[in-house]
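A.B. asks: Got a sequence here, can you model it:
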Amino acid sequence: MAALARDIGDAAAWSEEAARRVWGGAVPLHVHLHDADVTALPPPPPFLTLGPRIGYLPLLVPIIKAHFSSTLPPGVDTVWFEYKGLPLKWYIPIGVLFDLLCADPERPWNLIVHFRGYPAEILSPCEGEDSVKWSYNNSLKEAGFIITGNSKNVMNMSQADQAAMWESVRKGDMDSYTNISTRLKLGPFEEDWSVATSSAERQQGSDEPESPGSVKPCRVPVRLYVRRVQEDLEYLEDAIAVSDWESVSYINRPFEIQKEEGISYITLARALETLLPEFFSSKPATETQPVETADSPPDDSDITPRTPRDGDPAPASQRGADLAKNATEVKLVRVQGIDLENNMDVPFLWMANYLKNPECYLHVCVYVGSEI
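C.D. replies: Just a heads-up that it's a prediction; the model follows:
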């Protein structure tokens with residue numbers, strides 16, 4: 001018994017350490033000012049900084065602008081970033097952008113910052129931190145809806161808690177975040193989810209959303225980023241850079257936890273067979289459930305469909321079908337900077353608990369070989 005307790009304690013400590021590494025993780029950034037924004041010679045040197053993996057590029061603008069301020073043109077700033085000619089979506093976390101766009105991790109990551117010429121036909125408008133905060137809160141509401149069936153707990157947060165939670169995300173303060181987020185009852189996910197609380201024990205007529213472990217099947221919020229690479233790609237450093245966002249399918253497809261006989265835990269491989277049968281299963285994609293996308297939030301009266309939209313892309317279901325049609329094999333699976341295509345037996349619900357981002361989504365990048 002003592003040995004078992006010790007093993008459980010060790011596992012809990014190791015899991016917490018994994019979460020802390022997610023929160024403390026950062027991408028070294030080498031930020032260059034675009035030539036068109038340079039108004040004085042010699043041009044300023046690049047700016048080297050750390051971008052938190054769970055953070056967002058617009059939150060770095062104040063320190064980046066301070067470095068380049070002496071050479072910027074007069075006028076109103078419309079800041080955006082690019083990598084190898086690709087405008088970067090500001091509402092995707094820095095770590096996810098890095099995992100998705102740098103097949104062979106580039107350290108430091110060389111980005112170009114623009115203070116003029118915002119590509120409104122490609123990127124949705126961004127008004128700095130306020131836009132990022134709004135996008136984060138909306139994603140948290142979506143995640144709450146997926147997990148509990150509504151977003152009341154998130155919607156009913158006090159203004160003080162909302163402000164404190166955002167501040168904890170902005171500063172990367174995991175302890176402060178945990179103190180607030182535990183009251184939202186959005187986890188943890190457990191393998192023995194079927195051990196239910198009887199309806200008699202629950203308060204009659206309560207508006208409290210059901211949490212993981214209740215009689216309602218639990219769903220895990222997952223965001224999938226499927227990138228096409230060369231069909232014959234052998235080495236990641238040879239991957240052709242993403243030239244436009246049409247070659248990336250950005251999909252919300254919740255994973256529903258279901259008990260299966262003879263299976264002690266859900267592996268990443270099993271989860272991806274369900275989430276992306278187009279690439280991980282022999283079952284035709286037409287047999288899968290409808291796709292929920294970032295452009296089409298869950299149908300809930302508590303949620304306004306306000307997720308950022310970039311241009312007018314094709315529906316994710318169509319993009320996913322188009323990708324799958326020419327795809328040959330999965331080349332890479334990456335979560336929080338960890339390449340997992342050769343370690344697909346990792347417990348999926350452990351990942352959902354400890355490798356998720358603060359808005360409660362697990363972000364998974366998948367590279368598939370395709371004709372490009």
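A.B. asks: what bits of the stretch 251-372 of the chain have low per-residue confidence?
C.D. replies: Where the stretch 251-372 of the chain drops to pLDDT under 70, the residues are 282-327, 372.
A.B. asks: What separation do you get for Pro45 and Tyr235?
C.D. replies: Relative to Tyr235, Pro45 is positioned 32 Å away (criterion: CB to CB, to the nearest Å). Glycine gets a C-beta too; all of them are placed from N, C-alpha and C.
A.B. asks: err, Tyr250, not the other one
C.D. replies: Counting by CB to CB - Tyr250 and Tyr235 are separated by 26 Å.
A.B. asks: out of those two, which sits in the busier spot?
C.D. replies: Higher neighbour count among Tyr250 and Tyr235: Tyr250, with 21 against 8, using other CB atoms under 10 Å.
A.B. asks: start to end distance for stretch 45-56?
C.D. replies: In stretch 45-56, first residue to last residue: 23 Å (CA to CA, to the nearest Å).
A.B. asks: For that stretch, give me every contacting residue.
C.D. replies: By CB atoms under 8 Å, 6 or more residues apart in numbering, the residues outside stretch 45-56 that reach it are 22-23, 25-33, 57, 60, 63-64, 67-68, 90-95, 98, 108-109, 132, 136, 169-170, 172, 336-337, 357-358.
A.B. asks: PyMOL command for the buried members of the residues you listed?
C.D. replies: This is the PyMOL syntax for the buried subset of these, where burial follows 16 or more other CB atoms under 10 Å:
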select buried, resi 22+23+25+27+29+31+32+33+57+60+64+67+68+90+91+92+93+94+95+98+109+132+136+169+170+172+336+337+357+358
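A.B. asks: Which parts of the stretch 251-372 of the chain are helices?
C.D. replies: With helices called from DSSP state H, counting those that start in this stretch, the stretch 251-372 of the chain shows them at 268-275, 277-280, 316-326, 348-354.
A.B. asks: which other helices and strands contact the second one?
C.D. replies: Same thing as helix 277-280. Counting contacts by 3 or more CB pairs under 8 Å, 6 or more residues apart in numbering; DSSP states H and E, helix 277-280 is packed against helix 268-275, helix 316-326.
A.B. asks: Mind doing that once more with 7 Å?
C.D. replies: On a contact count with 3 or more CB pairs under 7 Å, 6 or more residues apart in numbering; DSSP states H and E, helix 277-280 meets helix 316-326.
A.B. asks: what's the nearest residue to Ser264 if we skip its chain neighbours?
C.D. replies: Sequence neighbours aside, Glu191 is the residue nearest to Ser264 in space, at 7.4 Å (criterion: CB to CB, 6 or more residues apart in numbering).
A.B. asks: again with Leu275
C.D. replies: Using CB to CB, 6+ apart, the nearest residue to Leu275 is Arg253, at 5.2 Å.
A.B. asks: and that neighbour, how many neighbours?
C.D. replies: 21.
A.B. asks: Assess the claim that it and Val222 are in contact.
C.D. replies: Yes. Applying CB atoms under 7 Å, one finds Arg253 in contact with Val222, separated by 6.1 Å.
A.B. asks: Look up the residues that both of the two are in contact with.
C.D. replies: Counting by CB atoms under 7 Å, 6 or more residues apart in numbering, the shared contacts of Arg253 and Val222 are Leu275.
A.B. asks: For the stretch 101-250 of the chain, which residues score under the pLDDT cut-off?
C.D. replies: Confidence mapping of the stretch 101-250 of the chain against pLDDT under 70 gives the ranges 192-217.
A.B. asks: can you map out the helices along it?
C.D. replies: Along the stretch 101-250 of the chain, the stretches classed as helices by DSSP H, counting those that start in this stretch are 129-148, 152-155, 159-171, 174-181.
A.B. asks: Arg228 is nearest to which of those helices?
C.D. replies: Nearest to Arg228 among the helices of the stretch 101-250 of the chain is helix 129-148 (25.0 Å), distances taken as CB to CB.
A.B. asks: quick one: that closest one to helix 159-171, angle?
C.D. replies: In terms of direction (axes from the mean of the first three to the mean of the last three CA atoms, to 10 degrees), helix 129-148 departs from helix 159-171 by 110 degrees.
A.B. asks: Tell me which other helices or strands helix 129-148 touches.
C.D. replies: Identification of packing neighbours for helix 129-148 by 3+ CB pairs under 7 Å, 6+ apart yields helix 152-155, helix 159-171.
A.B. asks: Could you tell me how many residues sit around Ala120?
C.D. replies: Ala120: 12 neighbours (other CB under 10 Å).
A.B. asks: gap between it and Leu72?
C.D. replies: 20 Å.
A.B. asks: what does Ala160 give?
C.D. replies: With distances taken as CB to CB, Ala160 is found 37 Å from Leu72.
A.B. asks: Same drill for these two, tell me which one is more crowded.
C.D. replies: Neighbours were counted for Ala160 and for Leu72 using other CB under 10 Å; Leu72 has more, 17 against 9.
A.B. asks: on that earlier part again, dump the helices and strands packed on helix 129-148 into a markdown table; add distance to Arg270 as well.
C.D. replies: Putting those into a markdown table (distance: least, CB to CB, whole Å) gives the following:
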| stretch | distance to Arg270 |
| --- | --- |
| helix 152-155 | 29 |
| helix 159-171 | 31 |
